[in-house]
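Colleague: No letters, just coordinates:
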């Protein structure tokens, strides 16, 4: 029981503080979420994808990047390079937006914990310029920064089975 106590204490402290998170790039760490709990609904979290998708359809990489926290990670669908900085994300979206993508959620599960929320599931991208469709798995982790929900982690990978 003595060896379990520190782990239990850590879990309880996360629950009490509203599931705050720390992001690290092996050089420095920074908490981007507020420590206070924020009231939200699944519907509000669902609308965050719509906000992101509308920014894609604008064709402006900067509008897409505005959905992400300053310190966040993008593990994109069609690139092997993790995107950490706003400039790296803008570079990725500059190329991604060339084919005029539009996303559609196929299935999802939303989990909310205080000032963080996770939207995970499957989506399909339709590319207006090429007519191609890409089905992918996704996860968006959002954090309330005191003013708005921002993406702190976004992972997307093409479905392995065709």
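Modeller: In hand now; what should we look at? In this text the structure is predicted, and so the values were computed from the model without any measurement. Numbering: from 1, shown residues only.

Colleague: And the strands in this structure?
Modeller: Under the criterion DSSP state E, the chain contains strands at 23-24, 29-30, 68-75, 101-113, 116-127, 133-144, 149-158.

Colleague: Out of these, which gets nearest to residue 81?
Modeller: With C-beta to C-beta as the criterion, residue 81 lies closest to strand 68-75 of the strands of the chain, at 9.1 Å. Bear in mind the C-beta positions are built from the backbone N, C-alpha and C, glycine included.

Colleague: now the strands of the chain as JSON lines including mean pLDDT?
Modeller: Below are those laid out as JSON lines (pLDDT from 0 to 100):
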{"stretch": "strand 23-24", "mean pLDDT": "40"}
{"stretch": "strand 29-30", "mean pLDDT": "48"}
{"stretch": "strand 68-75", "mean pLDDT": "97"}
{"stretch": "strand 101-113", "mean pLDDT": "97"}
{"stretch": "strand 116-127", "mean pLDDT": "97"}
{"stretch": "strand 133-144", "mean pLDDT": "97"}
{"stretch": "strand 149-158", "mean pLDDT": "97"}
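
Colleague: Which one of those strands lies nearest to residue 85?
Modeller: Closest to residue 85 of the strands of the chain, according to C-beta to C-beta: strand 68-75, at 8.7 Å.

Colleague: quick one, that closest one and strand 133-144 angle?
Modeller: Here strand 68-75 runs at an angle of 140 degrees relative to strand 133-144 (axes from the mean of the first three to the mean of the last three C-alpha atoms, to 10 degrees).

Colleague: So what touches strand 68-75?
Modeller: Strand 68-75 has contacts (C-beta atoms under 8 Å, 6 or more residues apart in numbering) with 23, 30, 32, 82-84, 86, 88-89, 92, 143, 145, 150-157.

Colleague: Tell me who's in contact with the residue positioned nearest the centre of the chain.
Modeller: The centre of the chain sits closest to residue 140, judged by C-alpha atoms, centre = their mean, with a distance of 2.8 Å. Residue 140 sits next to 48, 49, 52, 118, 119, 120, 151, 153, 154 when contact means C-beta under 8 Å, 6+ apart.

Colleague: Just the buried ones from the contacts of strand 68-75?
Modeller: 23, 32, 83, 86, 88-89, 92, 143, 145, 150-156 (16 or more other C-beta atoms under 10 Å).

Colleague: And these, which is closest to residue 107?
Modeller: For these, the minimum distance to residue 107 (C-beta to C-beta) is 14.7 Å, reached by residue 156.
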